[in-house]
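Novice: The following comprises the amino acid sequence and a computationally predicted model.
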Amino acid sequence: MSKYRTIAVIYGSDSSESEISCRSGEFTASRIDGTEYDVYEIFARFGQWTLAAYRRKNSVRNILPEGERPAIDKTDFSVTVGGEKVKFDFAYIMQHGTPGENGLMQGYLEMLGIPFSSCSSFVSAITFDKFTCKNYLRNVDYVKCADDVFIRQGEVTPDLSEKVISKLGLPLFVKPTDGGSSFGVVKVKAAEDFDDAVREAFSEGKMILAEKYIKGREITDAVYFNGHEFVALPVIEIVTDHEFFDYDAKYNGFSEEICPAPISAELTARVQEASKKIYRRLGCSGVVRVDYILSDDGLYFLEVNTIPGMTSASLVPKMVRTAGLDMTDFLTEIIENSPAGHPGQCHPERTK
């Protein structure tokens, strides 16, 4: 017997990741168990929330034309369809970027007491900011963090390039602290390219990070709570001919994503254990993906994705398939084992 009846899948976003968010949301909605739940798809962008499609229990999906989509009532998180008012009792958040990944959507749902699929508003806020998140992990013994320089808009000085390069060396990366899908990320190989990279990163946000380049293999792993324990999925290695795992490599087929990663069983276990420790240390919920660089001198943390991509070609679904899990059953586990909709409630394992 499920805890919930009416699931709202929220997608679209106020950032450059909106298109990917829609693809992730539509895929997720299509895989949620239609024999257990009514599924409503909410397109939310720049404050306009409308019902894009819905699928009632044991029925087919109804797609609503853009001009006929009813607005979501934000006072109680409901919608009126055909004269019937439907209140959503669970939210599956698939908004990459703001407001779904930085804690704003979570804060709204927490105030209404509505359970949701992802991390709390606080955890979402700290993990969305790459610099803040790294500061939670700098002194742990199971993962390393690359040296970096934090730069806020308005702090750019004529000698910034010289100062940063003298500290971090070349090549280095310049990236927004609060973006995803590699938007605004630039690999700087020459000093004369630094200023352009800074401008590119600032086009995506008000805070950026210059980060030391770490040579190694790019790997990623995901963790979720199954009702009894934290579970790490199979590790993936990402191989690309591009300078790094950029937007094209991620979404346009310019990479090979090998699952399981061709690394030893001992190293696989080490990565999975690190992922579970990071999940626990940050206080995560739902399914979270952790990205790393595996270097000769250790495992380097890159970032946490609290709303990881969920298209049919995305990394987490590949991990789920490799683990021999059914995607629908996996999503049911996420839904049924998410903490209740307020920031004080934790997963049972977290209280041990």
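Specialist: Received the coordinates, thanks.
Novice: Confirm for me that residue 275 is in contact with residue 287.
Specialist: No - Residue 275 lies out of contact with residue 287 (CB atoms under 8 Å); the separation is 11.3 Å. C-betas here are computed from N, CA, C, even on glycine.
Novice: anything in contact with each of the two?
Specialist: 222, 223 (CB atoms under 8 Å, 6 or more residues apart in numbering).
Novice: all helices for this protein, in order.
Specialist: For the chain, the helices defined by DSSP state H cover 18-31, 104-112, 121-128, 130-135, 160-168, 194-202, 247-251, 265-282, 315-322, 327-336.
Novice: closest to residue 241 out of those?
Specialist: Nearest of those to residue 241, taken as CB to CB: helix 247-251 at 8.2 Å.
Novice: I'd like the average pLDDT over that closest one.
Specialist: When pLDDT is averaged over helix 247-251, the result is 49.
Novice: Show me the shaky parts of the stretch 151-300 of the chain.
Specialist: 179-182, 242-254 (pLDDT under 70).
Novice: got a markdown table for the helices of the chain, with mean neighbour count and distance to residue 1 too?
Specialist: What follows is the helices of the chain, written out as a markdown table (neighbours: other CB atoms under 10 Å; distance: least, CB to CB, whole Å):
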| stretch | mean neighbour count | distance to residue 1 |
| --- | --- | --- |
| helix 18-31 | 22 | 21 |
| helix 104-112 | 19 | 23 |
| helix 121-128 | 21 | 29 |
| helix 130-135 | 18 | 37 |
| helix 160-168 | 16 | 55 |
| helix 194-202 | 18 | 49 |
| helix 247-251 | 18 | 39 |
| helix 265-282 | 18 | 28 |
| helix 315-322 | 21 | 24 |
| helix 327-336 | 18 | 10 |
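Novice: Go through these and name the closest to residue 82.
Specialist: Closest among the helices of the chain, using CB to CB: helix 18-31, at 19.5 Å.
Novice: quick check: angle from that closest one to helix 327-336?
Specialist: 100 degrees (axes from the mean of the first three to the mean of the last three CA atoms, to 10 degrees).
Novice: if you average pLDDT over helix 18-31, what comes out?
Specialist: Mean predicted lDDT for helix 18-31 stands at 96.
Novice: what does it rub up against?
Specialist: So helix 18-31 is contacted by 9-13, 39, 41, 43, 45, 53, 55, 61, 92, 94-97, 100, 181, 251, 307, 309-312, 314, 317, 327-328, 331 (CB under 8 Å, 6+ apart).
Novice: do the same with stretch 228-238
Specialist: Here stretch 228-238 has contacts from 217-225, 245, 249, 255-263, 268, 271-273, 275-276, 279-280, 315-316, 318-320, 322-323, 349, using CB under 8 Å, 6+ apart.
Novice: how distant is that stretch from the center of its chain?
Specialist: From the chain centre to the centre of stretch 228-238 is a distance of 15 Å (CA atoms, centre = their mean, to the nearest Å).
Novice: Quote the end-to-end distance of that stretch.
Specialist: Taking CA to CA, to the nearest Å, stretch 228-238 runs 30 Å from one end to the other.
Novice: just stretch 83-97 next, same as before
Specialist: Termini of stretch 83-97 sit 33 Å apart (CA to CA).
Novice: Stretch 168-176 now?
Specialist: 17 Å.
Novice: from here on, count from 20
Specialist: Got it, the first residue is 20 from now on, which makes the last one we talked about stretch 187-195.
Novice: Other residues contacting that stretch?
Specialist: The set of residues external to stretch 187-195 that reach it, using CB under 8 Å, 6+ apart, is 149, 166-168, 183-184, 202-210, 213, 216-217, 219-221, 223-224, 226-232, 263.
Novice: same thing with stretch 229-238?
Specialist: The contact list for stretch 229-238 (CB under 8 Å, 6+ apart) reads 165-168, 170, 183, 187-194, 206, 254-258, 263-264, 280, 282, 290, 310-315, 319, 321.
Novice: Export the helices of the chain to TSV and append columns for distance to residue 105.
Specialist: Below are these laid out as TSV (distance: least, CB to CB, whole Å):
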stretch	distance to residue 105
helix 37-50	15
helix 123-131	15
helix 140-147	25
helix 149-154	36
helix 179-187	52
helix 213-221	42
helix 266-270	33
helix 284-301	33
helix 334-341	28
helix 346-355	17
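Novice: of those helices, which approaches residue 22 most closely?
Specialist: Comparing these by CB to CB, helix 346-355 comes nearest, at 5.8 Å.
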